[in-house]
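J.: sequence? don't have it. structure:
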């Protein structure tokens, strides 16, 4: 056995088999339980990754500004970006490093699931070399491949769809709205491409793996929700474009009227922010006030018969 | 779309391909996910029959090495998955090109029989390999992993659906069925009208070969997958609980058991009242037939899953790693004959002092058991 098998695969396989025994001889439950446990173990790293991604997204408008400012001078742009990252304490490579650290764990988990499933006779034969000499391990094998109505050894269309949907949800939640329309387009493509690709892969692999992907995505959705809320899934109010500094004209401000120089400058001078706009005691030009019932005006227009 | 836009799309496509490649390599096909098959050889007259990894029955004339191939077994259409990485009914990523064949062909009269992972049993004419009958005629059963046993004009086989099937060898008619509680992968053994067959449900069943009625059953601590050996009215069978059991064939009572360090997967052999039991812990255990006392053991450094071949006073063992050993039963001398560096899982066949080993590369290796000389191999690959 090579070090990878000895240190990673063998313990994971045996733990999974034992868990299967304690979870009513249900291998599907063991997959879900192990996915949750591994996610809990990886929680600090995952949290770091989510926060790092969030920070990067929050900086998008500023980066867009920099791009506008230094669009032609690539070197200066890179320097300014790095300076900005440094000042904000964000490490752009941080996301990828945590992803790279996590990747072998996921691959090991996948390989262990596939080996423990022992789909073909050769698989069962191969599995024998990974087993610890624990009586419990020998008594459980071969594992029951049925989980609910699923045969975990065969691909399942419904589970493949679930893989795509949960992955899309997770990505959508973690995804912000880049200021740059080209970047936004790229993000949109990735948002659809990855879940579709995984759903297609799920159609090809045993559904035990799909179950693992779905469980993993659901756990990630929960983690993401805890850190960023609904994130990209949140419905935006129609007037709020995401810019909290968007300004509204306050027509009845005497100071502003005094400073007004020309009619064309309306909107550039006197401002209130979104936070003020939501206050009830402030007059909102866009919100019609309604003090009393006005006959004939408040009534809904009658439909005319054609 | 301008050049910059095209470049962006190109980068995205490249990224997608890269991700897909990483997924397929890292999350790629794990070894043992797809069925390959490990059919052993069976010699009848001057012809050796073997199921090839192309999913075909091959007849090799041992005198002139001419070969004859039967039509390939038909795959079941629903398997395979999108990228072929799913364990199909006979195929899959890294699996055999055709339907996997695990059981060794059986010859009865002028017919030769084989069972496929596609859930069908085929009967061929021994001379022409023309198809005589197929069971079931319509649709497919679950995969057959174990081989067929023939007795008194009948064929017996277990299936993944947990049933033992008894068929008329001449017509393929179903005579009776017996339901166990789990999959049956082991090849049955028949001895004086008693059919012994193992099941994943931890039980070894003894059935009346004539009508399928249960005589007795024995429950082990783990699943039983091995093929039983019957010798002097005693059944010897290995189990996943790492025990080799010796049971009385008349009532299934336990005579003795021996515990190894891993599963006893392969069928043991008996020479001069000594059992030579290969184990997946890489050892060959020498046990006394009478009481199971461990006389000796040989460590071959690799699991042994294939049934050994006995030629006179020599037993030939093949490890999963492809190393071939010969053990002299008289003086206990063990010699390494060859290292083929390929997995060997199927049972070895012996005829006229020559041992035949079905290899992963679709060749049939031949070794002279007495001299240890490696003879020219025979390719099982079809020419069409």
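T.: Perfect, thanks for sending it. Computed from a predicted structure; not experimentally measured.

J.: residue B:377 contacts residue B:358, doesn't it?
T.: No - Residue B:377 lies out of contact with residue B:358 (Cβ atoms under 8 Å); the separation is 10.5 Å. To be clear about C-beta, it is placed using only N, CA and C from the backbone, and glycine gets the same treatment.

J.: settle it for me: which of these two has more neighbours?
T.: Higher neighbour count among residue B:377 and residue B:358: residue B:358, with 29 against 16, using other Cβ atoms under 10 Å in any protein chain shown.

J.: quick one: pLDDT of that one?
T.: We have a pLDDT of 94 for residue B:358.

J.: outline the domain layout of the chain.
T.: Chain wasn't specified; assuming chain A. A:3-232, A:248-277 (automatic domain parsing).

J.: sorry, I should have been clearer: chain B.
T.: With domains defined by automatic domain parsing, chain B comprises B:35-145, B:153-259.

J.: packing partners for the helix or strand that contains residue A:83?
T.: Using DSSP states H and E, residue A:83 sits in helix A:74-88. Here helix A:74-88 touches helix A:60-69, going by 3 or more Cβ pairs under 8 Å, 6 or more residues apart in numbering or on different chains; DSSP states H and E.

J.: centre-most residue in chain B?
T.: Nearest residue to the geometric centre of chain B (Cα atoms, centre = their mean): residue B:102, 4.3 Å.

J.: what about residue A:80, neighbour count?
T.: The number of residues packed near residue A:80 is 18, by other Cβ under 10 Å.

J.: gap between it and chain B?
T.: For residue A:80, the distance to chain B (Cβ to the nearest Cβ, to the nearest Å) stands at 22 Å.

J.: repeat that for residue A:23.
T.: For residue A:23, the distance to chain B - Cβ to the nearest Cβ - is 19 Å.

J.: my guess is that residue meets residue A:31, correct?
T.: No - using Cβ under 8 Å, residue A:23 is not in contact with residue A:31; the gap is 9.8 Å.

J.: when these two are compared, which one has more neighbours?
T.: In this view residue A:23 and residue A:31 are compared by other Cβ under 10 Å, and residue A:31 has more residues nearby, 29 against 15.

J.: how about the secondary structure of the more buried one?
T.: Under DSSP: H, G, I helix; E, B strand; the rest coil, the three-state class of residue A:31 is helix.

J.: can you list the residues of the stretch 201-350 of chain B near chain A?
T.: B:221-223, B:225, B:240-242, B:261-263, B:265, B:280, B:303, B:305, B:320, B:345 (Cβ under 8 Å from any Cβ of the partner chain).

J.: show me which of those are buried.
T.: Among those, the ones that count as buried by 16 or more other Cβ atoms under 10 Å in any protein chain shown are B:222-223, B:225, B:240-242, B:262-263, B:265, B:280, B:303, B:305, B:320, B:345.

J.: if we can go back for a sec, between residue B:377 and residue B:358, what contacts are shared?
T.: Taking Cβ atoms under 8 Å, 6 or more residues apart in numbering or on different chains as the criterion, residue B:377 and residue B:358 both touch residue B:364.

J.: tell me which residues in stretch A:148-165 are buried?
T.: Neighbour count says stretch A:148-165 has A:150, A:152, A:153, A:154, A:155, A:156, A:159, A:160, A:161, A:162, A:163, A:164 buried, by 16+ other Cβ under 10 Å.

J.: ugh, typo on my part, it should be stretch B:270-289
T.: Neighbour counts over stretch B:270-289 (16+ other Cβ under 10 Å) mark B:270-271, B:275-287, B:289 as buried.

J.: endpoints of that stretch, how far apart?
T.: Using Cα to Cα, to the nearest Å, the end-to-end distance of stretch B:270-289 comes out at 8 Å.

J.: check stretch B:132-139 too.
T.: Its start and end residues considered, stretch B:132-139 measures 17 Å (Cα to Cα).

J.: residues touching that stretch, excluding its own?
T.: Residues outside stretch B:132-139 that contact it (Cβ under 8 Å, 6+ apart) are B:111, B:120, B:121, B:122, B:123, B:124, B:125, B:165, B:167, B:171, B:172, B:174.

J.: quick one: residue A:39 and residue A:45 touch, right?
T.: No - Residue A:39 lies out of contact with residue A:45 (Cβ under 8 Å); the separation is 10.1 Å.

J.: which one of the two has more residues nearby?
T.: Per other Cβ under 10 Å, whichever of residue A:39 and residue A:45 has more neighbours is residue A:39, with 19 against 15.

J.: next, the contact list for the more buried one, please.
T.: A:46, A:216, A:219, A:220, A:223.

J.: ok so, going back, give me the buried subset of the contacts of stretch B:132-139.
T.: Buried among the contacts of stretch B:132-139 (16+ other Cβ under 10 Å): B:111, B:120, B:121, B:122, B:123, B:124, B:165, B:167, B:172.

J.: from the residues you listed, which two are the most distant?
T.: Greatest spacing in the buried ones among the contacts of stretch B:132-139, by Cβ to Cβ: B:124 and B:165 (18.4 Å).

J.: circling back to that earlier point, which among the contacts of residue A:39 count as buried?
T.: For these, a burial check counting by 16+ other Cβ under 10 Å picks out A:46, A:216, A:219, A:220, A:223.

J.: in the stretch 201-306 of chain A, which residue sits nearest chain B?
T.: residue A:204 (3.6 Å; Cβ to the nearest Cβ).

J.: can you confirm that residue is in a helix?
T.: No - per three-state DSSP, residue A:204 lies outside any helix segment and is coil.

J.: so which strand or helix has residue B:364?
T.: Going by DSSP H and E, residue B:364 is part of strand B:363-368.

J.: so in that sheet, which strands flank that strand, and in what orientation?
T.: strand B:354-358 (antiparallel), strand B:374-379 (antiparallel) (DSSP bridges).

J.: please identify the most buried of those strands.
T.: Highest mean neighbour count among those (mean count of other Cβ atoms under 10 Å in any protein chain shown): strand B:354-358, with a mean of 25.

J.: quick one: residues in contact with stretch B:376-384.
T.: Residues from elsewhere that reach stretch B:376-384 (Cβ under 8 Å, 6+ apart): B:50, B:52-54, B:56, B:58, B:60, B:65, B:67, B:69, B:358-359, B:362-366.

J.: how about a cut-off of 7 Å?
T.: Contacts to stretch B:376-384, defined as Cβ atoms under 7 Å, 6 or more residues apart in numbering or on different chains, come from residues B:50, B:52, B:54, B:56, B:58, B:60, B:65, B:69, B:362-366.

J.: quick one, which of those residues are buried?
T.: Looks like the contacts of stretch B:376-384 have B:50, B:52, B:54, B:56, B:58, B:60, B:69, B:362, B:363, B:364, B:365, B:366 buried, using 16+ other Cβ under 10 Å.

J.: can I get the residues you listed in JSON lines with pLDDT and distance to residue B:199?
T.: Formatted as JSON lines, the buried ones among the contacts of stretch B:376-384 follow (pLDDT from 0 to 100; distance: Cβ to Cβ, whole Å):
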{"residue": "B:50", "pLDDT": "95", "distance to residue B:199": "26"}
{"residue": "B:52", "pLDDT": "93", "distance to residue B:199": "28"}
{"residue": "B:54", "pLDDT": "91", "distance to residue B:199": "30"}
{"residue": "B:56", "pLDDT": "94", "distance to residue B:199": "29"}
{"residue": "B:58", "pLDDT": "95", "distance to residue B:199": "30"}
{"residue": "B:60", "pLDDT": "95", "distance to residue B:199": "33"}
{"residue": "B:69", "pLDDT": "92", "distance to residue B:199": "33"}
{"residue": "B:362", "pLDDT": "89", "distance to residue B:199": "31"}
{"residue": "B:363", "pLDDT": "92", "distance to residue B:199": "34"}
{"residue": "B:364", "pLDDT": "93", "distance to residue B:199": "31"}
{"residue": "B:365", "pLDDT": "94", "distance to residue B:199": "33"}
{"residue": "B:366", "pLDDT": "94", "distance to residue B:199": "35"}
